[in-house]
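Peer 1: Everything below, folded, please.
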Amino acid sequence: MTMNSVLKPRRIPRGVEAAPVDSVDESRRTASNDRTGVMWSLFRITIGLVTTMIIFAVPLCVFPSRFGLISAAFALLFILGLGVVIAMVDMPTVVASAVSAALLQNTLLGLFHGNDGEVGIVVNEAKTILVAAVALVVFYRHGWRSRGNRWLLAILAVYAVVLVVHNAGFNSSFVANARNFALPIALLVVIALSDPVRDLGGQLYSQWLVGVTAAILLVGSLGELSMGTEAWRHFLHADALPGLNSLSETTVFAGFELSRVGGFLMEPVTAGYVATFVVLHGAIIFMRAVRTRQCTRGIVLFSFFVVVSGFSVIILASTKNSLLMIAAGVVSYVFSCVGWSKLWAFICSIAFGIGATFAYTTAVQGIGYIPAALADPVGASGGESTSIHNAGLLSGIYSLASSPLGHGVGSGGNFYRLYNPDISPRDWLGSGGESAVGTYLYQLGLLAVLFLSVMTFVVLPRLTEEATAVLAAFATASFFAESLFGAPVAIPALFFIGLLCGLAPVRTATTAGKKIFWAGGGGKNDSALRPRSAIRSR
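Peer 2: Numbers count the residues shown, from 1 in each chain. The predicted model follows:
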């Protein structure tokens, strides 16, 4: 064989096209990367679940609550230290651990604690401590070490000082309300600062995490439905857990009483709300794939599974607010797709949600409900449970006139009623009860308006259209449900929002010629259409 014969190209028969070697190699690499990504995502989620079991098992077994403050201090150091170490190595693993802790807390307490005395506050707040670990790492990496972001940490520090100083007394109600007011704001700052791919895991990881969440909720709900609530609790060794005594097991919808079950010993309403964010995640991923003509079989199967599973949990939990949340999220996403700015899409979806809620209550209560509710929100409540949430919201808004700076953290809402059972229904709803926004306004007054406005204008430009839609659903529901600010709902919901920020922006006919404000100070189209990781690297 001569050198010329080696260098001579092969002749291709007429009518036969040459195989696109580059495209074939690229498709093989893509398939290999997808398989690797799936295995890596499942590995992270598995390690996250194992971490969750460890942070419940070790404090309960090694630091029992009977030793008081010493046990609490060691348990806090253990959970926070373990969370920070893992977050420094691989933050998405801690995200999975925090989400699973929110979903499985009562189940793990039954497994490792059973009926042996009270559960310490540190163990009960393990999920919140894991979020604190993620926040500390993000604040250090992308806040403190970046001069351009230190002002955001300064705002968060001022907010923390306000929560502590503006209190109505250092008691259990203060601690619970302060936690609920601090957690969503801190998570929004984490979303604003973090890299959605490197820090939170990216799109493929988000789909698997949402899918596992849907599976956990569905299996738990079906287990309770098939065995019955009492038998299900006994099966999971959780008969005497004090947190299960206040679960809402029935509700009224359009005059009919409906029973509720949900998740692995979760509050059914909470399970329904988390399932709502699962449904929104799947629906928006599918709508985006259709919009960009990238609707693969994997995306179709993922969306079908999480939407069907999520709706099944919503139906079993009988959460009426879920329908409103899904509608608000879809409205926001559709408005964004047709060219509206994210701010206007966000505001209009909230306005739609508020209007739809009051319209539904009026349809059930009668045309006289609106003037009666505006004149006396608490007096007009009753009969239809939605009117109770409306009363809490309106009472919180009306309190701004009588007390512009609020009544102090810990002065109202559902937690105040929990620790002060003698409070009258009028005083409870008058303090914003059953409405996260109403409670927030009642306790912090115009300071709440200020901080919510600042967070909206800081965080919203850094979100994708998909993440904005889910945040709109979260914000809309918070007007009519106090549990939206609680850890079991806020942790999965806001982490799912952060994961949606890893989606690449979509260039369409409506966005190609517009200046889009993205993270980093939008202006030019090129920089506006880059993900945040690319902007930071410049």
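Peer 1: which secondary structure element contains the residue lying closest to Tyr442 once chain neighbours are set aside?
Peer 2: Spatial nearest neighbour of Tyr442, excluding adjacent residues (C-beta to C-beta, 6 or more residues apart in numbering): Gly432 at 3.8 Å. Backbone N, C-alpha and C define where each C-beta goes, glycine included. Counting by DSSP states H and E, there is no helix or strand that carries Gly432.
Peer 1: who touches Gly432 in this structure?
Peer 2: Gly432 sits next to 392-393, 395-396, 399, 412-413, 438-443, 482 when contact means C-beta atoms under 8 Å, 6 or more residues apart in numbering.
Peer 1: JSON lines please, covering those residues and showing secondary structure.
Peer 2: Formatted as JSON lines, the contacts of Gly432 follow (DSSP: H, G, I helix; E, B strand; the rest coil):
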{"residue": "Gly392", "secondary structure": "helix"}
{"residue": "Leu393", "secondary structure": "helix"}
{"residue": "Ser395", "secondary structure": "helix"}
{"residue": "Gly396", "secondary structure": "helix"}
{"residue": "Ser399", "secondary structure": "helix"}
{"residue": "Gly412", "secondary structure": "coil"}
{"residue": "Gly413", "secondary structure": "helix"}
{"residue": "Gly438", "secondary structure": "helix"}
{"residue": "Thr439", "secondary structure": "helix"}
{"residue": "Tyr440", "secondary structure": "helix"}
{"residue": "Leu441", "secondary structure": "helix"}
{"residue": "Tyr442", "secondary structure": "helix"}
{"residue": "Gln443", "secondary structure": "helix"}
{"residue": "Glu482", "secondary structure": "helix"}
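Peer 1: Mind picking the one among those residues that's closest to Ile315?
Peer 2: Glu482 (22.7 Å; C-beta to C-beta).
Peer 1: any idea how far Val190 is from the closest one?
Peer 2: 22 Å (C-beta to C-beta, to the nearest Å).
Peer 1: Looking at those two, which has the bigger crowd around it?
Peer 2: Val190 (26 against 23; other C-beta atoms under 10 Å).
Peer 1: surely that one meets Ile497?
Peer 2: No: using C-beta atoms under 8 Å, Val190 is not in contact with Ile497; the gap is 10.4 Å.
Peer 1: Leu500 contacts Arg462, doesn't it?
Peer 2: No: applying C-beta under 8 Å, one finds Leu500 not in contact with Arg462, separated by 11.8 Å.
Peer 1: Only the buried members of the contacts of Gly432: can you turn that into a PyMOL selection?
Peer 2: Burial among the contacts of Gly432 is assessed by 16 or more other C-beta atoms under 10 Å; the matching PyMOL selection reads:
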select buried, resi 392+393+395+396+399+412+413+438+439+440+441+442+443+482
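Peer 1: farthest-separated two in the contacts of Gly432?
Peer 2: Ser399 and Glu482 (15.1 Å).
Peer 1: burial measure for Ile285, as a count.
Peer 2: If we define neighbours as other C-beta under 10 Å, then Ile285 has 23 of them.
Peer 1: Name all residues that make contact with it.
Peer 2: Gln207, Ile299, Phe302, Ser303, Glu466.
Peer 1: Report the secondary structure state of it.
Peer 2: Assignment for Ile285 (three-state DSSP): helix.
Peer 1: Check the gap between it and His389 for me.
Peer 2: 30 Å.
Peer 1: Confirm Asp195 sits in a strand?
Peer 2: No: secondary structure of Asp195 (three-state DSSP): coil, not part of a strand.
Peer 1: any idea how far it lies from Gly498?
Peer 2: The value you get for Asp195 to Gly498, if C-beta to C-beta is used, is 10 Å.
Peer 1: ok so, going back, compare neighbour counts for Leu500 and Arg462 and give me the winner.
Peer 2: Leu500 (28 against 22).
Peer 1: of the contacts of Ile285, closest to Ile370?
Peer 2: Glu466 (34.5 Å).
Peer 1: my guess is that closest one meets Arg288, correct?
Peer 2: Yes: between Glu466 and Arg288 there is a contact under C-beta under 8 Å: 6.0 Å.
Peer 1: Among those two, which residue is more densely surrounded?
Peer 2: Glu466 (26 against 21).
Peer 1: Could you say which helix or strand holds that one?
Peer 2: Counting by DSSP H and E, Glu466 is part of helix 465-478.
Peer 1: just how off-centre is the helix or strand just after that helix within its chain?
Peer 2: Heading C-terminal from helix 465-478, the first helix or strand you meet, by DSSP H and E, is helix 487-500. Computed by C-alpha atoms, centre = their mean, to the nearest Å, the separation of helix 487-500 from the middle of its chain amounts to 2 Å.
Peer 1: And helix 487-500, what's buried?
Peer 2: Buried residues in helix 487-500 (16+ other C-beta under 10 Å): 487-500.
Peer 1: ok so, going back, so can I have a markdown table of the contacts of Ile285 showing distance to Pro59 and pLDDT?
Peer 2: Compiled in a markdown table, the contacts of Ile285 are given as follows (distance: C-beta to C-beta, whole Å; pLDDT from 0 to 100):
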| residue | distance to Pro59 | pLDDT |
| --- | --- | --- |
| Gln207 | 32 | 90 |
| Ile299 | 40 | 89 |
| Phe302 | 35 | 92 |
| Ser303 | 38 | 93 |
| Glu466 | 37 | 91 |
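Peer 1: which parts of the helix or strand encompassing Val459 are buried?
Peer 2: Here Val459 sits within helix 446-459, counting by DSSP H and E. Applying a neighbour-count criterion of 16+ other C-beta under 10 Å, one finds Leu447, Ala448, Phe451, Leu452, Met455, Thr456, Val458, Val459 buried in helix 446-459.
Peer 1: List the contacts of the fourth one.
Peer 2: Remark: with contacts taken as C-beta under 8 Å, 6+ apart, Leu452 is in contact with Tyr440.
Peer 1: Roughly how far does it sit from Phe139?
Peer 2: 20 Å.
Peer 1: where does this protein dip in pLDDT?
Peer 2: 1-33, 65-67, 114-118, 242-258, 383, 503-538 (pLDDT under 70).
Peer 1: make it 50
Peer 2: 1-10, 12, 16-19, 21-28, 31, 508-538 (pLDDT under 50).
Peer 1: Run through the strands of the stretch 251-400 of the chain in chain order.
Peer 2: Taking DSSP state E, counting those that start in this stretch as the test, the strands found in the stretch 251-400 of the chain are 256-259.
Peer 1: Quick one: the helices in it, in order.
Peer 2: 268-291, 297-317, 320-337, 342-365, 369-375, 386-402 (DSSP state H, counting those that start in this stretch).
Peer 1: List of residues touching the fifth one?
Peer 2: What it means is helix 369-375. With C-beta under 8 Å, 6+ apart as the criterion, helix 369-375 contacts Phe358, Thr361, Thr362, Gly379, Ala380, Ser381, Ser387, Asn390, Ala391, Leu394.
Peer 1: Return the set of buried residues in it.
Peer 2: Under the neighbour-count criterion of 16+ other C-beta under 10 Å, helix 369-375 has Tyr369, Ile370, Ala373 buried.
Peer 1: and the helix holding Glu466, what other elements does it pack with?
Peer 2: helix 268-291, helix 320-337, helix 342-365, helix 487-500 (3 or more C-beta pairs under 8 Å, 6 or more residues apart in numbering; DSSP states H and E).
Peer 1: Would you tell me which one of those is buried the most?
Peer 2: helix 487-500 (a mean of 26; mean count of other C-beta atoms under 10 Å).
Peer 1: quick check: angle from that one to helix 446-459?
Peer 2: Note on geometry: by axes from the mean of the first three to the mean of the last three C-alpha atoms, to 10 degrees, helix 487-500 and helix 446-459 are set 30 degrees apart in direction.
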